[in-house]
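Colleague: What follows is a predicted structure for the sequence shown.
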Amino acid sequence: MTKIALVTGSGRGIGAATALLAAKRGYAVCVNYISREERARAVADEIRAGGGRAMLFRADTADEAAVAAMFEAVDREFGRVDALVNNAGITGKAGRIDSYDAAAIRRVLDVNVTGLMLCTREAVRRMSTKSGGKGGAIVNLSSIAAVLGGANQWTAYAAAKGAVNALTIGLAREWAADGIRVNAIMPGLIETEIHAEAGLGDRLKQLAPTVPMGRTGTAEECAEAILWLLSTEAAYVTGAILPVSGGR
């Protein structure tokens, strides 16, 4: 039977690469987005052009009602999810803590932490073998900022991703007996739009020399790590937080 994956924030970047690779590995994929529908639609169209199954759903993952509606739509279209990739996230505008206001801080925490928890709640309700599900796998997107701290640029984002790491460990232990594995990857300097959108268009070029491997990474390299953690090859792996950072 075809497995079903929901990838949040999958209209671009690591999310899009993950959705495309999941489809190639045989998953029916829900492509979630909140803006730029044309790009999300292009991801879904590419999946279908390759013979895969895809559906689109617009939802702000920090909105509880929208998250519930998204999972219900997947239930109707494909069935219960087997895999969840909590990829949706924002850095917020780059700056030091004295430039933040409460609204900006809340938004970073809502998308990166609350959204992850809401999506995970809906997924485990469907996956749990104790509730009639088949089990499943969840991969969270953390960031190397969680251990580096994001000083002078993204401390709120780094704090949120530190919470993602803690949640990954806690949720892995909480749901292992229900047949659900929970892991995370911590991307480093990855070639996506997230840097430019925070006002740091030259960040990758400036920091690439600090990476031990001497280069930035790609969204596709992150997707490969995610799909491994979702796969049966990682059947005994849960609570892991895997750096995908070139040694940074």
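Modeller: Looks like it came in fine. Numbering: from 1, shown residues only.

Colleague: what's around residue 59, how many residues?
Modeller: Using other Cβ atoms under 10 Å, residue 59 is surrounded by 22 other residues. Any C-beta I mention is one placed from the backbone N, CA and C, and that applies to glycine too.

Colleague: What of the one 10 residues further on?
Modeller: A count of neighbours around residue 69, defined by other Cβ under 10 Å, yields 15.

Colleague: which non-adjacent residue is nearest it?
Modeller: residue 59 (6.8 Å; Cβ to Cβ, 6 or more residues apart in numbering).

Colleague: Next, give phi and psi for residue 48.
Modeller: phi -70, psi -40 (degrees, to the nearest 10).

Colleague: Convert the C-alpha atoms of the lengthiest helix in the chain to PDB, please.
Modeller: Ranked by residue count, the top helix of the chain under DSSP state H comes out as helix 155-175. Extracted in PDB, the C-alpha atoms of helix 155-175 (Å, rounded to 0.1, in the frame of the first residue of the first chain):
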ATOM      1  CA  THR A 155      18.300  34.400  19.000                       C
ATOM      2  CA  ALA A 156      14.500  33.900  19.000                       C
ATOM      3  CA  TYR A 157      14.800  31.400  16.200                       C
ATOM      4  CA  ALA A 158      17.700  29.600  17.900                       C
ATOM      5  CA  ALA A 159      15.600  29.400  21.100                       C
ATOM      6  CA  ALA A 160      12.700  28.000  19.100                       C
ATOM      7  CA  LYS A 161      14.900  25.400  17.600                       C
ATOM      8  CA  GLY A 162      16.300  24.500  21.000                       C
ATOM      9  CA  ALA A 163      12.700  23.800  21.900                       C
ATOM     10  CA  VAL A 164      12.400  21.600  18.800                       C
ATOM     11  CA  ASN A 165      15.300  19.500  20.000                       C
ATOM     12  CA  ALA A 166      13.800  19.100  23.500                       C
ATOM     13  CA  LEU A 167      10.400  18.200  22.000                       C
ATOM     14  CA  THR A 168      12.000  15.600  19.700                       C
ATOM     15  CA  ILE A 169      13.600  13.800  22.600                       C
ATOM     16  CA  GLY A 170      10.500  14.000  24.800                       C
ATOM     17  CA  LEU A 171       8.000  13.000  22.000                       C
ATOM     18  CA  ALA A 172      10.300  10.100  21.000                       C
ATOM     19  CA  ARG A 173      10.100   8.700  24.500                       C
ATOM     20  CA  GLU A 174       6.400   9.400  24.900                       C
ATOM     21  CA  TRP A 175       5.300   7.700  21.700                       C
END
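
Colleague: Let me see the mean pLDDT of whichever helix or strand comes after that helix.
Modeller: Counting by DSSP states H and E, the next helix or strand C-terminal to helix 155-175 is strand 180-187. For strand 180-187, the mean per-residue pLDDT is 98.

Colleague: Ok, stretch 160-173 next?
Modeller: Averaging pLDDT along stretch 160-173 gives 98.

Colleague: residue with max distance from the center of this protein?
Modeller: residue 98 (28.5 Å; Cα atoms, centre = their mean).

Colleague: and the gap between the residue nearest to residue 69 and residue 156?
Modeller: 23 Å (Cβ to Cβ, to the nearest Å).

Colleague: Shouldn't the residue farthest from the centre of the chain be within a strand?
Modeller: No. Looking at residue 98 with DSSP: H, G, I helix; E, B strand; the rest coil, it is helix, so not inside a strand.

Colleague: what's the distance between it and residue 206?
Modeller: 23 Å.

Colleague: Check which helix or strand residue 43 maps to.
Modeller: Element membership for residue 43, per DSSP H and E: helix 37-49.
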